[in-house]
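Engineer: The following comprises the amino acid sequence and a computationally predicted model.
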Amino acid sequence: MAELFAPQPGQPLSWNFSLLLGQLTDFFEATADVAGADTVINFSTQPCWLFNANATQCKPPDNPDEADMTYGSISPGLLDPTGEDLAMYYARLIGYLKNGTMVDERGHTHRMPPGSRTFNFTYQLHQTFLLLLNLPGPQTYFAEQVLGSLQ
């Protein structure tokens with residue numbers, strides 16, 4: 001995940017792409033020889049602070065290289081029932097990776113470090129939409145925000 005902690009008034013935001021960029025670079029380099037194949041990325045783990053969770057459920061693992069199957073074991077339901085916060089998280093994440101830049105919740109522009117590569121991939125929206133099926137009408141907003149970040 002690129003934003004581990006919920007935005008808090010008066011606190012810095014927690015956007016950090018360093019681990020994600022390394023993993024994606026390794027993946028893209030390992031699959032570069034597959035001629036004509038589309039690369040499909042699925043970011044299936046959302047920050048649990050977007051959901052109805054308590055602080056102990058939202059503590060990220062101490063070691064980012066180890067699997068933590070308890071992270072995000074939360075009750076269903078987004079804190080923002082419109083889905084806008086989730087849509088904007090994905091729009092920012094995907095926009096950063098594909099375009100090398102994104103604007104965070106406070107209007108600050110984040111740019112990839114010099115020499116970093118951007119990634120050409122297809123994002124698999126269907127699993128994320130499954131989360132939103134029971135919400136009142138966020139699907140269109142979500143699609144507009146995320147797909148807009150891909151341009």
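Structural biologist: Ah, there it is. Model, not experiment: these values are computed from the prediction.

Engineer: Next one: Asn63 from Met112, what distance?
Structural biologist: Separation of Asn63 from Met112 (C-beta to C-beta, to the nearest Å): 25 Å. Heads up, the C-betas are built off the backbone N, CA and C, glycines and all.

Engineer: neighbour-wise, which of those two wins?
Structural biologist: More crowded of Asn63 and Met112, by other C-beta atoms under 10 Å: Met112, with 16 against 8.

Engineer: what sits against the nearest residue to the more buried one once chain neighbours are set aside?
Structural biologist: In this structure, Met112 finds its nearest non-sequential neighbour in Gly100, 4.3 Å apart by C-beta to C-beta, 6 or more residues apart in numbering. Residues near Gly100 by C-beta atoms under 8 Å, 6 or more residues apart in numbering: Arg111, Met112, Ser116, Thr118.

Engineer: Name the nearest of these relative to Thr39.
Structural biologist: Proximity of the contacts of Gly100 to Thr39 (C-beta to C-beta) peaks at Thr118, which lies at 12.6 Å.

Engineer: thinking again about what came up before, give me the buried subset of the contacts of Gly100.
Structural biologist: Among the contacts of Gly100, those scoring as buried are Met112 (criterion: 16 or more other C-beta atoms under 10 Å).

Engineer: wait, which of the contacts of Gly100 is closest to Leu21?
Structural biologist: For these, the residue nearest Leu21 by C-beta to C-beta is Ser116; the value is 6.5 Å.

Engineer: Look up the closest residue to that closest one, ignoring the ones flanking it.
Structural biologist: Nearest residue to Ser116, sequence neighbours excluded (C-beta to C-beta, 6+ apart): Leu21, at 6.5 Å.

Engineer: Could you give the number of residues near that neighbour?
Structural biologist: 18.

Engineer: three-state assignment of it?
Structural biologist: Put simply, Leu21 is helix when judged by DSSP: H, G, I helix; E, B strand; the rest coil.

Engineer: and it, how far is that from His110?
Structural biologist: From Leu21 across to His110, the span is 12 Å (C-beta to C-beta).
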